[in-house]
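1. I'd like to go over a predicted model; first the sequence, then the structure.
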Amino acid sequence: MTQNKTQVNLKNRIIVALDTADFTQAKSLVKTLKRDVPIFKIGSELFTACGPRAIQMVRESGREVFLDLKFHDIPNTVHRSVRAAIQYEVAMLTIHVSGGLRMMQEACVAAADEAQKKNLELPKLIGVTLLTSLSEEDVKNEIGLSKPIQETVLRYAGLAQRAGLDGIVASAFEIKRIREHYGPDFLIVTPGVRPEGASRDDQERVLTPKEAFDLGASYIVMGRPITQATSPADAMARVIQSLT
Ligand code: C5P
């Protein structure tokens, strides 16, 4: 299948989540998809099961790593964790905005200092706002936040920008307002994206890849619609085709 300019440009902004505990499966997904996927996301499942060799495997395939460990701890611990992550030369890493301003600032200081010391590229620091699996009811009744999701996410985005983070993770429904408030350079990474007709799984706030990009997402993250497809390569090709 040939790809036009828009498709090529947008496909460089698709991140595939390697959500598996099985190293062989992760490796085979990278091998199958690397032609079309520039960045693979390694989250807590793969990292806990396989450790840094998962990062090494993606880096050796010539692709970038989004290390999604969602750090959330006291500022000193997050500082030290971010420092430890720099050595893996990842392109992006995540921390929870709800950890507060001081925690995020420590993450920025640690990343800048360690990258400079080791003469390595500074990864993009991305703040996790509200998980895209949470519904309005969950947020109100379980977590006890009285404000609507959109308002909380907007507030979190502002806090992340104030702390010096490069961007945030937010669902497609929040993109427009975040863009309006925090400008064109603030990165918006959008998971919970589902191609037309795909299962929503446990994601509550979902839109299609094209809708997410049209709204202004910098990157989209897709896991199960690609990785659990009968043919991940075909599923990915269909996503790219839908991006015109
Ligand atoms: O399989 P699926 O496409 O739902 O995977 C989405 C990925 O994005 C998962 O790896 C999940 O951890 C991550 N994520 C998310 N919502 C957030 C932050 C990260 O779904 N707010």
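-> Right, received. Where do you want to start? Numbers count the residues shown, from 1 in each chain.
2. Which positions within the longest helix along the chain qualify as buried?
-> Counting residues, the longest helix found in the chain (DSSP state H) is helix 101-117. Neighbour counts over helix 101-117 (16 or more other CB atoms under 10 Å) mark 103, 104, 105, 106, 107, 108, 110, 111, 114, 115 as buried. Any C-beta I mention is one placed from the backbone N, CA and C, and that applies to glycine too.
3. So the helix or strand just after that helix, near the ligand or not?
-> Toward the C-terminus, helix 101-117 is succeeded by strand 124-128 as the next helix or strand (DSSP states H and E). Yes: interface with the ligand: strand 124-128 contributes residue 128 (CB under 6 Å from any ligand atom).
4. What average pLDDT does the helix or strand just after strand 124-128 get?
-> Next in sequence after strand 124-128, counting helices and strands by DSSP H and E, comes helix 136-137. Computed over helix 136-137, the mean pLDDT rounds to 92.
5. again, but for stretch 68-85
-> Mean pLDDT, stretch 68-85: 98.
6. Can you show me the CA trace of that stretch as CSV?
-> Only the C-alpha atoms of stretch 68-85 are listed here, as CSV (Å, rounded to 0.1, in the frame of the first residue of the first chain):
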residue,chain,number,x,y,z
ASP,A,68,5.8,5.0,30.5
LEU,A,69,6.5,4.1,34.2
LYS,A,70,4.3,7.0,35.4
PHE,A,71,6.5,8.0,38.3
HIS,A,72,4.5,9.1,41.4
ASP,A,73,6.4,9.4,44.7
ILE,A,74,8.0,12.0,47.0
PRO,A,75,10.1,14.5,45.0
ASN,A,76,13.4,13.0,46.1
THR,A,77,12.5,9.5,45.0
VAL,A,78,11.1,10.8,41.6
HIS,A,79,14.3,12.8,41.2
ARG,A,80,16.4,9.7,41.7
SER,A,81,14.2,7.6,39.5
VAL,A,82,14.3,10.0,36.6
ARG,A,83,18.1,10.3,37.0
ALA,A,84,18.3,6.5,36.7
ALA,A,85,16.1,6.4,33.6
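7. Any buried residues in that stretch, and which?
-> Those would be 68, 69, 70, 71, 72, 75, 78, 79, 81, 82, 83, 85, for stretch 68-85 by 16+ other CB under 10 Å.
8. would you list the residues you listed in CSV and tack on distance to residue 130 and secondary structure?
-> Converted to CSV, the buried residues of stretch 68-85 look like this (distance: CB to CB, whole Å; DSSP: H, G, I helix; E, B strand; the rest coil):
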residue, distance to residue 130, secondary structure
68, 15, strand
69, 18, strand
70, 12, strand
71, 16, strand
72, 13, coil
75, 21, helix
78, 19, helix
79, 24, helix
81, 22, helix
82, 22, helix
83, 27, helix
85, 23, helix
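9. closest to the ligand among those?
-> Lowest distance from the ligand to the buried residues of stretch 68-85 (CB to the nearest ligand atom) belongs to residue 68, with 6.2 Å.
10. Now residue 193: closest residue in space, sequence neighbours ignored.
-> Once flanking residues are discounted, residue 193 sits nearest to residue 220: 4.6 Å by CB to CB, 6 or more residues apart in numbering.
11. Tell me, what's the model's pLDDT at the residue of the chain found nearest the ligand?
-> Nearest residue of the chain to the ligand (CB to the nearest ligand atom) works out as residue 223 at 2.6 Å. Residue 223 carries a pLDDT value of 95.
12. residue contacts, it?
-> Contacts here follow CB atoms under 8 Å, 6 or more residues apart in numbering; on that basis residue 223 touches 16, 17, 19, 41, 191.
13. let's go with 7 Å and repeat that
-> 17, 19 (CB atoms under 7 Å, 6 or more residues apart in numbering).
14. Before I go, just wanted to say thanks for your time.
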